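> A predicted structure for the sequence below; I have some questions about it.
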Number of protein chains: 2
Amino acid sequence: MSGIAEVARLAGVSKSTASRALTGTGYVSESTRLRVIEAADSLRYVASTSAVSLATGRTQNIGVLMPYVTRWFFAEVLEGIQDALLARDLDLTLYDARHGTEGRHRIFEQFLARKRFDGLVAVGLEPGDDELERLVALNRPMVSVVGAGDGTSVIEIDDDDAARRATDHLIALGHRHIAFVGGTADGHWAQVDRRRWAGYRGSMSDAGLSAETLHVPSDVSLPGGYAAAVDLLGDARTRPTAVVATCDEVAIGTMIAARRLGIRVPTDLSVVGIDDHEYAEMFGLTTLEQVPREQGATAVDLLLRHIDDPELPPSVVRLHARLIMRTSTAPPSGTGSATFLDSPMGDTGMPA
Amino acid sequence: MSGIAEVARLAGVSKSTASRALTGTGYVSESTRLRVIEAADSLRYVASTSAVSLATGRTQNIGVLMPYVTRWFFAEVLEGIQDALLARDLDLTLYDARHGTEGRHRIFEQFLARKRFDGLVAVGLEPGDDELERLVALNRPMVSVVGAGDGTSVIEIDDDDAARRATDHLIALGHRHIAFVGGTADGHWAQVDRRRWAGYRGSMSDAGLSAETLHVPSDVSLPGGYAAAVDLLGDARTRPTAVVATCDEVAIGTMIAARRLGIRVPTDLSVVGIDDHEYAEMFGLTTLEQVPREQGATAVDLLLRHIDDPELPPSVVRLHARLIMRTSTAPPSGTGSATFLDSPMGDTGMPA
């Protein structure tokens, strides 16, 4: 097996430059880094981990803490993180810390304390007080994707603004009876849902519709949105003309429920989501777009800067979500107008 | 911080037993293991990784290789693996090796060769020849969830049998025009799809329907199934009366396409999948159930046995998928019968 000297010679750089390029430590220009990687690749050079660790005092490993991997947003962020780490020759240790599980308890009590990582990316973690204390005690750089921002760097979309613009869009179309679907019934809202609920209420209030706000609790999932919408839409007398869903999974569940009840989208019901989920285009869903894969990659960039420079102050990167108009939103139908004649349910009795 | 001696004293066991229980090496009864973990927990004892590694020659880390984390099956397997590893105090390093990416190339050329793991779980990996050579050269225990079984242990469902029974179910209901949706158009079928296609053909052949077999290529995803089904179902003259989908995501995409085209499931079209995906119940999908989370946990059990005993011969665990009958399958409609009168599309012209 070739050594670092051969790699450096082939790439036409010094041994220390080759070492920096391969370990991701210290500054190397992108073109040099690529040249060194190509040289290492052609020589089948693989840095010995223990040698790298001894030389740098680093594990060459990043920990990723998230409460699920089975939901679209989290899986996409994870792939974005993985891509960014692979490109920098860093390993990824996954800590799937589902709320309320023994596994989560063990992660905070045992796994993290071993510090087998140079830094952590926490995704939508929402740590409890005890957990936060443990994280602080680690004294390792951490970046959050969607987070509380308690002194650490954060990457997230502006959730309040996204929900506000989703609601503004419906109000501009002429809707007044607009429900917000999302946020669990038991009061333990995810922070993201709380902010989106606030954005919705802000928009309604600005339009003089404070008395019309309606919260419909829903699990944050496609089946959750479906179940909530079946209840919400079942009674034609109280049915809203439009729904702001806390995310696309809930929005799509709502659309599927509407179809099953014979309620046409957007003729009888407008629906808007937040995400631009992989299914959004197929369902023609109007939504506020975020790109979780890029959020993951950005979190890695920022984390590595924190690792390189312990004095770097924390920053909050708040991304703007773009409105993508598709076919799930339209002006509300007038009472008794022709648009109801061919509805499978006949006149829905909705207010004009 | 407490030492192993205090933990052993509190648990009422010897130091070596406490050490075995906490490192997951060698035999300890489940009740003793739990008692030691509780003692360690109450004392906030955390084993030093380097001390454990020195004592055991092990990394206390398992690598997981998979081609996606964004698909239901893979994310579920991953959570099953994570749970099993957390319970045994082992770290999880993720290698998300998407086909055709630079990241996958780097994983095989660089990351794996560092051997920062005691063993590997490969999930639906389908390695190329070069990749397989690299895996063999690692000389580390490996277990596959869904795999080629080239000398390594494998956990999977009996795919041929599952597709065969899905097709048998439709034939028993009276269907003769049954399409198989799945398997890409370019000939590079995933092994799982090839086996399911073979099971479908076997069932059709046994029923004297070899001349009726129809393969409809589809990306293995919900939007993929939707797109394939829009083409398949668009022409009433050639439309089948039933579909065997290679997995539930494709089946659900097919059901959504059918609804959008005004084709009623199951009156006008029966659909059966394989998976019991989290959305299957919501869509009333008849399917062959597998539990990927348990497959992940079983893979960890088997891998740890291989790590403990290098002489253990490889085994193939082939699980039986259970038929779950819901509302997406029914006998085919008769031509011109009353069931067509209220169809939005009128007589569909399907053969009796």
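Yep, it's here. Numbering: from 1, shown residues only, chains lettered A, B, ... in the order given.
> C-alpha from now on. contacts and neighbour counts both.
Noted.
> mind listing the helices for chain A?
In chain A, the helices defined using DSSP state H lie at A:4-11, A:15-23, A:30-42, A:49-56, A:72-87, A:102-106, A:129-138, A:159-172, A:191-206, A:222-234, A:248-260, A:292-308.
> Next, count neighbours for A:Leu173.
A:Leu173: 14 surrounding residues under other Cα atoms under 10 Å in any protein chain shown.
> thinking again about what came up before, could I get the helices of chain A in TSV, plus columns for mean pLDDT, distance to chain B and mean neighbour count?
Shown next, in TSV, are the helices of chain A (pLDDT from 0 to 100; distance: least, Cα to the nearest Cα, whole Å; neighbours: other Cα atoms under 10 Å in any protein chain shown):
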stretch	mean pLDDT	distance to chain B	mean neighbour count
helix A:4-11	83	14	18
helix A:15-23	76	11	20
helix A:30-42	78	7	17
helix A:49-56	52	6	13
helix A:72-87	97	5	23
helix A:102-106	95	6	18
helix A:129-138	91	12	13
helix A:159-172	98	23	22
helix A:191-206	96	21	21
helix A:222-234	96	7	21
helix A:248-260	96	9	25
helix A:292-308	97	11	21
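> how about those, which one is nearest B:Leu233?
helix A:248-260 (19.0 Å; Cα to Cα).
> how much space between the residue of chain A found nearest chain B and B:His215?
Among the residues of chain A, A:Thr93 lies closest to chain B, at 4.4 Å counting by Cα to the nearest Cα. Applying Cα to Cα, to the nearest Å, the value for A:Thr93 to B:His215 is 41 Å.
> These two - which one has more neighbours?
A:Thr93 (23 against 18).
> how about the nearest residue to A:Glu212 once chain neighbours are set aside, what does it touch?
Leaving aside its sequence neighbours, A:Glu212 sits nearest to A:His177 (Cα to Cα, 6 or more residues apart in numbering or on different chains; 6.3 Å). When contacts are counted by Cα atoms under 8 Å, 6 or more residues apart in numbering or on different chains, A:His177 is found next to A:Glu212, A:Thr213, A:Pro240, A:Thr241, A:Ala242.
> Residue numbers of the stretch 251-352 of chain A in contact with chain B?
When proximity is defined by Cα under 8 Å from any Cα of the partner chain, the stretch 251-352 of chain A lies next to chain B at A:Tyr279, A:Met282.
> Low-confidence regions, the stretch 251-352 of chain A specifically.
Across the stretch 251-352 of chain A, the ranges flagged by pLDDT under 70 are A:334-352.
> In ChimeraX, how would I select just the buried ones from the contacts of A:His177?
Buried subset of these, written as a ChimeraX selection, criterion 16 or more other Cα atoms under 10 Å in any protein chain shown:
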select /A:213,240,241,242
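> if you look at the contacts of A:His177, which of them are in strands?
A:Ala242 (DSSP state E).
> With pLDDT as extra columns, can I get the contacts of A:His177 in JSON lines?
Conversion of these to JSON lines gives the following (pLDDT from 0 to 100):
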{"residue": "A:Glu212", "pLDDT": "96"}
{"residue": "A:Thr213", "pLDDT": "97"}
{"residue": "A:Pro240", "pLDDT": "98"}
{"residue": "A:Thr241", "pLDDT": "98"}
{"residue": "A:Ala242", "pLDDT": "98"}
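> Pick the one among the contacts of A:His177 closest to A:Trp189.
Using Cα to Cα, those come closest to A:Trp189 at A:Thr213, 17.5 Å.
> my guess is the closest one contacts A:Ala179, does it?
Yes: the criterion here is Cα atoms under 8 Å, and A:Thr213 meets it with A:Ala179 at 6.5 Å.
> Much appreciated, bye for now.
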